[in-house]
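**Q** Structural data only, the sequence is not supplied:
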């Protein structure tokens, strides 16, 4: 049974366990080699907890794939706020992105169009189609606000974890799913949680909506630890990763969490870029030791 369970991020609804493992396994092995632990895991040791299909629209003749979203489909409240947060983050790390000002942040359809246009010209979202960008917003929104989707996604993770699993590696939205799944799995034997490009620390939008709810409120909110005292949690973020708006999760989850920075170049949020880094390999190797 798997010693390592991977949990993918947003935008993977058109893939599956097998296709994602073809990307993750060699990258994970490279990271272990960089950390001097080559050969620590073999293919049967790694499983992918896949939940992307929960967000894939049902196929219909002549109409298969993601909905053809436009700027008008970005919902009020959560989706608009997250989009504008991405814009601010992109402008803070990419000189090619014009920063939002007080006028363009007004809650109007025009501000949404401006945000999408600015992000489409950024390094981070340069290869992402507008409809895919809006779909990603809605995917995060649906996970947090749809109890059925949330429960089914978490079940994919808990079903993949067994008594042999020692490491959970989770990327992007998958880090939220994995965190909540581990919190809902008392007595699990996972010894290392490795989160990559995680949005877990975003106040109000993510942190304060977690299950279980953080203890306290506002800036003093403290997330529940997702395991026992022997669990090591390493969070890794690239400075240019727009999804990981809050790079250091220690204020939100405690000083026991290890926070690390890596350099993924133009692939700031790419899962394989994170996996090949030595620090990621080291965190995984320590959990397997």
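**A** That came through fine. In this text, all values refer to a predicted model and were calculated from it rather than measured experimentally.
**Q** Please make it C-alpha for all contacts and neighbour counts, starting now.
**A** OK.
**Q** now the helices for the stretch 151-289 of the chain?
**A** 173-183, 250-253, 271-275, 278-288 (DSSP state H, counting those that start in this stretch).
**Q** nope, the stretch 1-150 of the chain is what I meant
**A** Taking DSSP H, counting those that start in this stretch as the criterion, the stretch 1-150 of the chain contains helices spanning 17-34, 78-93, 109-120, 130-145, 147-160.
**Q** residue contacts, residue 12?
**A** residue 52 (CA atoms under 8 Å, 6 or more residues apart in numbering).
**Q** What number of residues are in the vicinity of residue 42?
**A** Residues lying near residue 42 (other CA atoms under 10 Å) number 13.
**Q** Ignore what I typed, I meant residue 115.
**A** Residues near residue 115, counting by other CA under 10 Å: 25.
**Q** Residue 95 now?
**A** By other CA under 10 Å, 11 other residues sit near residue 95.
**Q** Verify the contact between residue 170 and residue 24 for me.
**A** No. Residue 170 lies out of contact with residue 24 (CA atoms under 8 Å); the separation is 11.1 Å.
**Q** And the two? Which one has more around it.
**A** Between residue 170 and residue 24, counted using other CA under 10 Å, residue 170 has the larger neighbour count: 27 against 22.
**Q** Can you give me the pLDDT of that one?
**A** We have a pLDDT of 97 for residue 170.
**Q** now it: how far from residue 2?
**A** Distance of residue 170 to residue 2, given as CA to CA, to the nearest Å: 15 Å.
**Q** Let me see the contact set for the residue lying closest to residue 211 once chain neighbours are set aside.
**A** Spatially, and ignoring its direct neighbours in sequence, residue 211 is nearest to residue 180 (6.0 Å; CA to CA, 6 or more residues apart in numbering). By CA under 8 Å, 6+ apart, the contact set of residue 180 is 154, 210-212, 226.
**Q** Check the gap between residue 180 and residue 224 for me.
**A** For residue 180 relative to residue 224 (CA to CA), the value is 10 Å.
**Q** got it, and residue 189?
**A** Taking CA to CA as the measure, residue 189 falls 17 Å from residue 224.
**Q** thinking again about what came up before, and the helices of the stretch 151-289 of the chain as TSV, adding mean pLDDT and distance to residue 83?
**A** TSV is the format used below for those (pLDDT from 0 to 100; distance: least, CA to CA, whole Å):
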stretch	mean pLDDT	distance to residue 83
helix 173-183	96	15
helix 250-253	95	22
helix 271-275	94	21
helix 278-288	96	28
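**Q** most tightly surrounded among those?
**A** Most buried of the helices of the stretch 151-289 of the chain, by mean neighbour count (mean count of other CA atoms under 10 Å): helix 173-183, with a mean of 25.
**Q** Spit out the contact partners of the most centrally placed residue in the chain.
**A** For the chain, the residue nearest the mean C-alpha position is residue 172 (1.0 Å; CA atoms, centre = their mean). Residue 172 is in contact with 8-10, 195-199, 243-244, 269, counting by CA under 8 Å, 6+ apart.
**Q** correct me, but residue 259 touches residue 234?
**A** Yes. Using CA under 8 Å, residue 259 is in contact with residue 234, at 6.0 Å.
**Q** neighbour count winner among those two?
**A** Taking neighbours as other CA under 10 Å, residue 259 and residue 234 compare with residue 234 leading, 21 against 16.
**Q** In contact with the more buried one: list those residues for me.
**A** Per CA under 8 Å, 6+ apart, neighbours of residue 234: 192-195, 257-260, 283.
**Q** Do you know the pLDDT at it?
**A** Looking at residue 234, its pLDDT is 98.
**Q** What distance do you get for it to residue 37?
**A** From residue 234 to residue 37 the distance is 17 Å (CA to CA).
**Q** what stretches of the stretch 51-200 of the chain score poorly on pLDDT?
**A** When residues are selected by pLDDT under 70, those of the stretch 51-200 of the chain lie in 58-68, 70-72, 101-110, 120-133, 135.
**Q** redo that, cut-off 90
**A** Along the stretch 51-200 of the chain, the model assigns pLDDT under 90 to residues 55-142, 145.
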